[in-house]
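[1] Let's see this in three dimensions:
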Amino acid sequence: MAKNQNKKKNAQLVLRLNKELRDRFVEACHDLDTSAAREVRRFIKKFLKRYDNGEFDE
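    All right, here's what the predicted structure looks like:
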């Protein structure tokens, strides 16, 4: 079984951004053979790892 395959995704994060930015992001993800949702999850995980390591402390 894949690393995170057994963890259920049971929450949503809704955000608003302008259509041009969203469309460019989705297109870039498509070009890279990934999904927007996957890349946002990847960003969140990396961000939290940096946060947990104290990279945002002053």
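[2] Could the C-alpha coordinates of stretch 25-35 be exported in CSV?
    Once side chains and other backbone atoms are set aside, the C-alpha atoms of stretch 25-35 remain, and they are given as CSV (Å, rounded to 0.1, in the frame of the first residue of the first chain):
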residue,chain,number,x,y,z
PHE,A,25,-1.8,27.0,-12.1
VAL,A,26,-4.1,24.2,-13.4
GLU,A,27,-2.4,24.5,-16.9
ALA,A,28,1.1,24.2,-15.4
CYS,A,29,0.0,21.2,-13.3
HIS,A,30,-1.4,19.6,-16.4
ASP,A,31,1.8,20.3,-18.3
LEU,A,32,3.7,18.6,-15.5
ASP,A,33,1.3,15.6,-15.4
THR,A,34,0.1,16.3,-11.9
SER,A,35,-3.0,17.8,-10.4
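[3] Give me the buried stretch members for that stretch, please.
    When burial is assessed from 16 or more other C-beta atoms under 10 Å, stretch 25-35 yields the following buried residues: Cys29. Just so you know, the C-beta spots here come from the backbone N, C-alpha and C atoms, and that holds for glycine as well.
[4] if you average pLDDT over it, what comes out?
    Summarised as a single mean, pLDDT over stretch 25-35 is 98.
[5] what helix or strand is the spatially most central residue of the chain on?
    By C-alpha atoms, centre = their mean, the mean C-alpha position of the chain lies nearest to Val40, the distance being 1.4 Å. Secondary structure from DSSP states H and E places Val40 in helix 36-52.
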